[in-house]
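Colleague: please find the sequence and the predicted model below.
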Amino acid sequence: MVLAGTPRKPSAAPSTILSKTNSKSLYVQYTIPEYDGGSPILTYELQMDDGKGGDFVSLIGYDENYLKLSYIVEGNVTKGKLYRFRYRTKNSVGWSIFSDTGFIQAANVPNKPPVPVYVSSTTTSITMNFQQTDDSGGTPVIRYKVYRDAGDDFTSSYVEMTSYDGQSSQFTATVADN
């Protein structure tokens, strides 16, 4: 006779791989529990809220056995919303406690911003205006980067202008800037 108990609470919250999640679908992954209670895992139940902090609803694994360690949510996803996820495991004895809550945002990489607009220049500087991207991807853009080349030909590699603060709508680059 083998004694078994319920599986332990999963040690990690559900997470995502950013390259697989976007503003229309959410890639959710989770892990095998550290202790299955002495009986093989039969299913993983994954739950999600509505992106507004509402009640959790089961996506998979409650009514049927589901043993994959990932799931893609497609449909009923709103760009920019932050969704909560949790999961639990079940063996022949019963259910584990739910995992901690993981958060996944429905967002894409932002569109590239428009080309900088020339304002003025001297023999040692150039001033440009920047405009924000027309689509932030569903989450606010928190920082921009400016790069320049050596200016001598079209084969130079680009170097980040570290003197740019990442947020100003105007920037003056000088010869001394890296």
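Modeller: Nice, thanks for sending it over. Residues are numbered from 1 along each chain as shown.
Colleague: pLDDT score assigned to residue 158?
Modeller: Residue 158 is assigned 86 on the pLDDT scale.
Colleague: same check on residue 2?
Modeller: So residue 2 comes in at 64 (pLDDT).
Colleague: what's the answer for residue 142, then?
Modeller: 90.
Colleague: neighbours of it, how many?
Modeller: Neighbour count for residue 142, taken as other CB atoms under 10 Å: 8. Heads up, the C-betas are built off the backbone N, CA and C, glycines and all.
Colleague: is it true that it lies in a helix?
Modeller: No - assessed with DSSP: H, G, I helix; E, B strand; the rest coil, residue 142 is coil; it does not lie in a helix.
Colleague: so where's this protein shaky on pLDDT?
Modeller: The model of the chain has pLDDT under 70 over residues 1-2, 151-153, 177-178.
Colleague: show me what the longest strand belonging to the chain is packed against.
Modeller: With secondary structure taken from DSSP state E, the chain has its longest strand at strand 82-90. Applying 3 or more CB pairs under 8 Å, 6 or more residues apart in numbering; DSSP states H and E, we find strand 82-90 packed against strand 43-48, strand 102-105.
Colleague: what about those strands, which gets the closest to residue 71?
Modeller: Residue 71 lies closest, by CB to CB, to one member of the helices and strands packed on strand 82-90: strand 43-48, at 5.5 Å.
Colleague: in its sheet, what does the closest one sit against?
Modeller: Strand 43-48 has the following sheet partners, assigned by DSSP bridges: strand 57-60 (antiparallel), strand 82-90 (antiparallel).
Colleague: would you mark the buried spots in the shortest one?
Modeller: Residues of strand 57-60 classed as buried by neighbour count (16 or more other CB atoms under 10 Å): 59, 60.
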